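> Using only what follows, build the 3D model:
(chains A and B)
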Number of protein chains: 2
Amino acid sequence: MGMSVEQLKELAVSSPAKIVLLVMDGLGGLPAPETGKTELETARTPNLDRLAESSTLGLTEPVSPGITPGSGPAHLALFGYDPLRFDIGRGVLEALGIDFDLQPEDLAARGNFCTMDEKGLIVDRRAGRLPTSKAAELCRRLDGLSIDGVRIIVQPVQEHRFAVVFRGEPLDDRLSETDPQREGVPPRTVVALAPQAERGAIVANSFIAQAKETLADSSPANMVMLRGFSRLPHLPSLGELYGLRAGAIATYPMYRGLAKLVGMTVLATGATLANELATLEEQYPLYDFFYLHVKKTDTTGEDGDFLGKVGAIEEVDGLLPRLLNLKPEVLVVTGDHSTPALLKGHSWHPVPFLLSSPWCRPDGIPQFSERACARGSLGRFSALQAMPLALANALKLTKYGA
Amino acid sequence: MGMSVEQLKELAVSSPAKIVLLVMDGLGGLPAPETGKTELETARTPNLDRLAESSTLGLTEPVSPGITPGSGPAHLALFGYDPLRFDIGRGVLEALGIDFDLQPEDLAARGNFCTMDEKGLIVDRRAGRLPTSKAAELCRRLDGLSIDGVRIIVQPVQEHRFAVVFRGEPLDDRLSETDPQREGVPPRTVVALAPQAERGAIVANSFIAQAKETLADSSPANMVMLRGFSRLPHLPSLGELYGLRAGAIATYPMYRGLAKLVGMTVLATGATLANELATLEEQYPLYDFFYLHVKKTDTTGEDGDFLGKVGAIEEVDGLLPRLLNLKPEVLVVTGDHSTPALLKGHSWHPVPFLLSSPWCRPDGIPQFSERACARGSLGRFSALQAMPLALANALKLTKYGA
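Predicted coordinates for the structure are as follows:
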């Protein structure tokens, strides 16, 4: 159930209303065994609770029930793009994650430093989780190689991971990975998965050969593996689709990159949530739609830091009055996925969702939590519906059919 | 999620049970700011509330979340036809709306009278919202023209709107509109959007040229614009699909037309709800399925008449005992869409839905309202599922698979 972006586009009309999409990354949680309460239920959130009472509540499924989403698909869904249809490759995500200015013709891949023995067999797929500083040094040795007119850009990401970008001609991304996903075997070579990708395979394999030579004296990282060959997907922008001037406020590069992918203007901001709020206040007159990203709820969840996540939620609650002062006609507060501290990672659990607007038909439930949202009138629904609902409540969608 | 009509057809079996689908047009509402209660929550509905307690409740999405449906798509969905698949053109709906007996080969369009200046530019797209009586007079001047063997039938609808039907040979409906949707420019000409539609474009443009000539001395309506070229869609009937003898009781032409489209027999009835009930009582032995349409809940909503809508709902509640006396095995009470008095028009909000039958697994919620239905076991679901649920509860669907 749901319309495609193309169908929604046909219904888009302009209205003066503004929409703010506040995304607390990894918001959903699981109850601590001692208290039976989730992070969100443990947090003191008087402002969110008051807002909930006059809002419509529900729980979103980022991709599909039971599916644990990565940040890419989870955000695409929230922005209204079906993640099962619009695929963002791992290489592209890796490049976006380091604020790399990827161009439409660039071919990106995710790289790993690894350790190979003298027989050419992989003995450690992560080269002992190489320190990032060491990886950065190796990246500098590989960066700037040129193969047959194609320039190779290599940038460190974290530990053994790096991003590699092939620039200079449009190379097809239908290429196989070289990581065999286990040790004791040699790395694979890149294989073209379509005839058009032959040239890309040759270039990628040449790069790997040169990298091997360059790293011969290095230890433990004496080899590289590549995966997730991909190019920027073509996504119709929020401007093209709905006529929205959309601004993104996010402190982490990957989220800025995802926002850029859907045509948002990335607004310069500082490192703290208060900085982000200040940016929203300054830029408020200039955009119709704001995406405001809070990262700390996810990082604390990933660290298994239950109380840290509680604190991150309380910080958002404390700053909420500033956001409400701007009086956006539509305010959505949700997460992109769940990151329960108990699981120390992303999870498949549906995500609390709150939509406030003068036209939202309030549920009258005076609490913002997983269980409160489960009782909301939106029920459990696809995150893909968040955008149409926000647009409808901003009176930006006209009638379908007569 | 959901089976197509073709898949459902395979499961259809006969049973003696009768189904009544009571549609309160535009039923869903929004709370009045003073009381926090919607129209349905404000209305005294002891009979509906008592019925709710022994029923299954939920909220339907007529087309897709966030989408405000027109009456056509909203009704098709309730009748079990996917409105994103079965499209009813605006011209056809306009003709159905004036009880015009459209034939399968007829090409219908919606017409507007407009005002053009001496340079041929549109200065008023609605000719000052011409009074209906004046439009009727102009329609008589255009009605009965004949172009190259094709007869042109022109009938007034309301104010500046009229219906035009091209009859005599099957003309393809893939034709562009002539309304440029703004003023200060000339009307467009009709363009064939497929080679097969060339002939239709010629005929339509000739009609427009003749109309222009005929209206030259008229003011302010001196020109016509056409849009929504369409022919009757081919819908498998409820008889073909489920073996239902279906009867429709509706006071407004458009709903009778929609019912006819899906193969219902349109039953003669009077102008009041009591008349409709009397028709139901009289005809009750003759059909397996009744569609009973209540218009007043929508018209009051469109007028922004909150208390009028409350009264219309109470009127239905008052007559409900007569309906219950007939003891239909399955009774569905719902709306086709929401028409909150606060919005003075159709809206995207999900619609209260109640299904009563001996096999319905009651929710035990003793109230019929938006918020009560939000707590119902059906949750928020596609209106497309109303018909399979009604059929199932009437034991008219057999097991799928072994």
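> got the residues of chain A near chain B?
Within chain A, the positions adjacent to chain B are A:1-3, A:7, A:11, A:359, A:361-364, A:375-381, A:385, A:387-393, A:397-402 by CB under 8 Å from any CB of the partner chain. (C-beta placed from N, C-alpha, C; glycine too.)
> From the residues you listed, which land in helices?
Counted as lying in helices by DSSP state H, out of those, are A:7, A:11, A:387-393.
> Nearest spatial neighbour of whatever residue of chain A ends up closest to chain B, chain-adjacent residues omitted?
Distance from chain B to each residue of chain A (CB to the nearest CB) is smallest for residue A:388, at 3.1 Å. Using CB to CB, 6 or more residues apart in numbering or on different chains and skipping the chain neighbours, the partner closest in space to residue A:388 is residue B:66 (3.1 Å).
> ok, that neighbour touching residue A:395?
No: using CB atoms under 8 Å, residue B:66 is not in contact with residue A:395; the gap is 11.2 Å.
> Where does pLDDT dip in the stretch 101-250 of chain A?
Within the stretch 101-250 of chain A, no stretch has pLDDT under 70.
> Show me the strands in it, by range?
Counting by DSSP state E, counting those that start in this stretch, the stretch 101-250 of chain A has strands at residues A:107-116, A:122-124, A:146-147, A:150-158, A:161-167, A:223-230, A:246-249.
> gap between the shortest one and the chain center?
In terms of CA atoms, centre = their mean, to the nearest Å, the gap separating the centre of strand A:146-147 from the centre of its chain is 31 Å.
> again, but for the last one
Using CA atoms, centre = their mean, we find the averaged C-alpha position of strand A:246-249 to lie 14 Å away from the chain's own average C-alpha position.
> same check, this time on the second one
Centroid separation for strand A:122-124 versus its chain: 30 Å, with CA atoms, centre = their mean.
> Mind listing the strands that strand pairs with, and their directions?
strand A:107-116 (antiparallel) (DSSP bridges).
> Quick check: residue A:132 touching residue A:162?
No: counting by CB under 8 Å, residue A:132 sits too far from residue A:162 to count as a contact (9.7 Å).
> Give the residues shared as contacts by the two.
Counting by CB atoms under 8 Å, 6 or more residues apart in numbering or on different chains, the common neighbours of residue A:132 and residue A:162 are residue A:156.
> between these two, who's got more neighbours?
Legend: neighbour count by other CB atoms under 10 Å in any protein chain shown for residue A:132 and residue A:162, higher for residue A:162 (27 against 16).
> ok, that one - contacts?
Residues near residue A:162 by CB under 8 Å, 6+ apart: A:110-113, A:135, A:139, A:154-156, A:224.
> do you know how far residue A:218 is from residue A:147?
Distance of residue A:218 to residue A:147, computed by CB to CB, to the nearest Å: 20 Å.
> And for residue A:58?
Distance, residue A:58 to residue A:147, using CB to CB: 51 Å.
> Give me the more crowded residue out of those two.
residue A:58 (28 against 17).
> so the more buried one is in which element?
Residue A:58 belongs to strand A:56-61 when assigned by DSSP states H and E.
> strands paired with that strand, and their directions?
With DSSP bridges as the test, strand A:56-61 is paired with strand A:351-356 (antiparallel), strand A:380-382 (parallel).
> ok, now which ones touch residue A:243?
Contacts for residue A:243 (CB under 8 Å, 6+ apart) come out as A:12, A:14.
> Going by residue numbers, what spans are helices in the stretch 151-300 of chain A?
Ranges of helices in the stretch 151-300 of chain A, per DSSP state H, counting those that start in this stretch, are A:198-214, A:238-242, A:253-261, A:273-283, A:296-302.
> In terms of residue numbering, what are the domains of chain A?
Chain A resolves into domains spanning A:5-88+A:234-393, A:92-230 when parsed by automatic domain parsing.
> could the helices of the stretch 151-300 of chain A be laid out in CSV, adding mean neighbour count?
Shown next, in CSV, are the helices of the stretch 151-300 of chain A (neighbours: other CB atoms under 10 Å in any protein chain shown):
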stretch, mean neighbour count
helix A:198-214, 18
helix A:238-242, 20
helix A:253-261, 23
helix A:273-283, 17
helix A:296-302, 23
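> Just put those in JSON lines and tack on distance to residue A:102.
Converted to JSON lines, those look like this (distance: least, CB to CB, whole Å):
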{"stretch": "helix A:198-214", "distance to residue A:102": "16"}
{"stretch": "helix A:238-242", "distance to residue A:102": "19"}
{"stretch": "helix A:253-261", "distance to residue A:102": "8"}
{"stretch": "helix A:273-283", "distance to residue A:102": "24"}
{"stretch": "helix A:296-302", "distance to residue A:102": "23"}
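> Report the buried residues of the helix ranked longest in chain A.
Determined from DSSP H, the single longest helix within chain A is helix A:306-325. Neighbour-count burial for helix A:306-325 flags A:306, A:308-310, A:312-317, A:319-320, A:323 (criterion: 16 or more other CB atoms under 10 Å in any protein chain shown).
> Tell me which two of these sit farthest apart.
By the measure CB to CB, A:306 and A:323 form the most distant pair in the buried residues of helix A:306-325, at 25.4 Å.
> And for residue A:133, the neighbour number?
By the criterion of other CB under 10 Å, residue A:133 has 8 neighbours.
> cool, residue A:85 as well?
If you count neighbours by other CB under 10 Å, residue A:85 ends up with 11.
> Report the distance from stretch A:154-171 to the chain centre.
So, by CA atoms, centre = their mean, the centroid of stretch A:154-171 is 18 Å from its chain's centroid.
> which parts of it are buried?
In stretch A:154-171, counting by 16+ other CB under 10 Å, buried: A:154-157, A:159-168, A:171.
> And the furthest pair within these?
Greatest spacing in those, by CB to CB: A:159 and A:168 (28.7 Å).
> Now do the helices in the stretch 1-150 of chain A.
A:5-11, A:39-42, A:46-53, A:71-78, A:90-97, A:132-142.
> which other helices and strands contact the last one?
Counting contacts by 3 or more CB pairs under 8 Å, 6 or more residues apart in numbering or on different chains; DSSP states H and E, the secondary-structure elements packed against helix A:132-142 are strand A:150-158, strand A:161-167, helix A:198-214.
> which outside residues touch that helix?
A:113, A:130, A:152, A:154-156, A:158-162, A:164, A:210-211, A:214-215, A:218, A:221, A:224.
> Looking at residue B:66 and residue A:395, which one has more neighbours?
When neighbours are counted by other CB under 10 Å, residue B:66 and residue A:395 differ, and residue B:66 comes out ahead with 24 against 21.
> pLDDT value on the more buried one, please?
Looking at residue B:66, its pLDDT reads 97.
> Next, it: phi, psi?
Per-residue torsions, residue B:66: phi 90, psi -10 (degrees, to the nearest 10).
> chain center to stretch A:124-140, what's the gap?
24 Å.
> Name only those of the contacts of residue A:162 that count as buried.
A:110-113, A:135, A:139, A:154-156, A:224.
> Contact partners for the nearest residue to residue A:74 once chain neighbours are set aside?
In this structure, residue A:74 finds its nearest non-sequential neighbour in residue A:336, 3.9 Å apart by CB to CB, 6+ apart. Residues in contact with residue A:336 (CB under 8 Å, 6+ apart) are A:23, A:25-27, A:62, A:69, A:71, A:74-75, A:78, A:351, A:383.
> What count of nearby residues applies to the nearest residue to residue A:73 once chain neighbours are set aside?
Closest residue to residue A:73 apart from its sequence neighbours, by CB to CB, 6+ apart: residue A:83 at 3.4 Å. Per other CB under 10 Å, the neighbour tally for residue A:83 reads 23.
> roughly how far apart are residue A:148 and residue A:106?
16 Å.
> Neighbour count for the two, which is higher?
Ranked by neighbour count (other CB under 10 Å), residue A:148 and residue A:106 place residue A:106 first, with 22 against 10.
> Quick one: distance of stretch A:225-244 to the chain centre.
Using CA atoms, centre = their mean, the offset of stretch A:225-244 from its chain centre is 12 Å.
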